[in-house]
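Enquirer: Below: sequence and its predicted model.
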Amino acid sequence: MDRRRNISVFLLCFFVCCAFAQQEKTISAGGLVEANANTRHGYGLAGGLIADYGITDRIAAGIKADFGTDFYDIASLEAMAFGRYYFRDILPFPLFAQLGAGFIVLYDDNRSVPSILGDGSVGIRFPVKNFYTEQYVRFGWPAGFGFGFVLGYRFDLKPKKPSAAPPETPVEKPIAEPVIEPAVEPIVELAAEPIVEPAVEPVSDTVFALFAPYTSTFAGEEGQSLLDHNLSALKTAIDFMISHPDYNLELAGYANPVLGTVTETRNLLELSQQRAAYIKDRLVILGVAADRITVSAEGTRNADPADFQKNRRVDFRFVKAP
């Protein structure tokens, strides 16, 4: 009775940990082949199944069951639950230590002899994508010593969120142009007196990259909201330039970094230049004089890793003409 109660408590703790663990979880399952000392004739061979639940990237809990024989007169059936800890910073591959407890039944001369099983193991897991192999040695009671091999597969229970947007590349075909007519009246109320000193920060709004040449597309409510935002910003810029002929417009293009390489930084600097030039072309088509607009490339300067849409933008700066 005490034995069953101890096993029940262990399993309960295991499932509670599984239910409340907040980190990314995985399940690994595989088949094992093992040589152990469950015999009076040297070593016996065993085969079975093993599975574990990755509570964190270092801690796992699982179960193991195998059947073995020495091909003489002894057969064994083992079943146990175990906890495992991975030492990920020692070797290139995860090294683990494992402690387990369960029961074993030895069949000897047509007699079955049940017993408590205590086990400790150390081994190495070699992952290849989601597949893996493990080599381990074990010690404990009553098996004494053994070694084995596992071939298995790891299931990710939570899909990983992308850490960043895909790299930017210019599109080969031009994006369809929205039809924008300059408003007769400004759509945004402007101050009675224009700003005399150049502004360090944009004084109007920001036009994101929906109008600039890059491959991403937008759909649904979020895409429509961004489209409305960009159209509003373009109309505001046109109204301001028409209403204030003593002001010029500086367009600063930005781009979103992903890889962090020197080649990418150089390419994105060129892309940010194309992005700002693209907006200038649209404004000239809609009636703003080209000589009142200057273009600069900021590349990935001051990029926000948490907001790739904002990184793909063109800033408008209205500056008093000299």
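Expert: Sure, I can see it.

Enquirer: low pLDDT regions in this structure?
Expert: Scanning the chain for pLDDT under 70 picks out 1-24, 158-220, 222-223.

Enquirer: which residues of the stretch 201-322 of the chain fall in strands?
Expert: Secondary structure of the stretch 201-322 of the chain by DSSP state E, counting those that start in this stretch: the strands cover 206-208, 247-254, 293-299, 313-320.

Enquirer: Out of those strands, which gets nearest to Ala233?
Expert: Nearest to Ala233, of all those, is strand 206-208, at 4.8 Å by Cβ to Cβ. The way it works is simple: take the backbone N, C-alpha and C, and place the C-beta from them, glycine included.

Enquirer: re the thing from before, want to throw the strands of the stretch 201-322 of the chain into TSV with mean neighbour count and distance to Gly140?
Expert: TSV is the format used below for the strands of the stretch 201-322 of the chain (neighbours: other Cβ atoms under 10 Å; distance: least, Cβ to Cβ, whole Å):
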stretch	mean neighbour count	distance to Gly140
strand 206-208	21	62
strand 247-254	21	61
strand 293-299	18	60
strand 313-320	20	62
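
Enquirer: now those strands in CSV, with distance to Phe67?
Expert: Below are the strands of the stretch 201-322 of the chain laid out as CSV (distance: least, Cβ to Cβ, whole Å):
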stretch, distance to Phe67
strand 206-208, 63
strand 247-254, 64
strand 293-299, 64
strand 313-320, 64
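
Enquirer: Of the ones you listed, which is nearest His229?
Expert: Closest among the strands of the stretch 201-322 of the chain, using Cβ to Cβ: strand 206-208, at 7.1 Å.

Enquirer: how about the chain, which residue sits the furthest from its center?
Expert: The C-alpha centroid of the chain is most remote from Asp109, which lies 56.2 Å away (Cα atoms, centre = their mean).

Enquirer: Contact partners for it?
Expert: If a contact means Cβ atoms under 8 Å, 6 or more residues apart in numbering, then Asp109 has Asp73 as its contacts.

Enquirer: Thr69 versus that one, what's the distance?
Expert: Separation of Asp109 from Thr69 (Cβ to Cβ, to the nearest Å): 14 Å.

Enquirer: What of Phe96?
Expert: According to Cβ to Cβ, Phe96 stands 28 Å off from Thr69.

Enquirer: These two: which has the busier surroundings?
Expert: Between Phe96 and Thr69, Phe96 has the larger neighbour count (other Cβ atoms under 10 Å), namely 20 against 16.

Enquirer: Beta-bridge partners for that one, please?
Expert: Going by DSSP bridges, Phe96 is paired in beta bridges with Tyr86, Gly123.

Enquirer: So it versus Gly287, what's the distance?
Expert: Counting by Cβ to Cβ, the separation of Phe96 from Gly287 is 69 Å.

Enquirer: Secondary structure class of Ala75, three-state.
Expert: At Ala75 the chain is in strand, as set by DSSP: H, G, I helix; E, B strand; the rest coil.

Enquirer: can you count the residues close to it?
Expert: Per other Cβ under 10 Å, the neighbour tally for Ala75 reads 19.

Enquirer: my read: it touches Leu45, true?
Expert: No: taking contacts as Cβ atoms under 8 Å, Ala75 lies outside contact range of Leu45: 10.8 Å.
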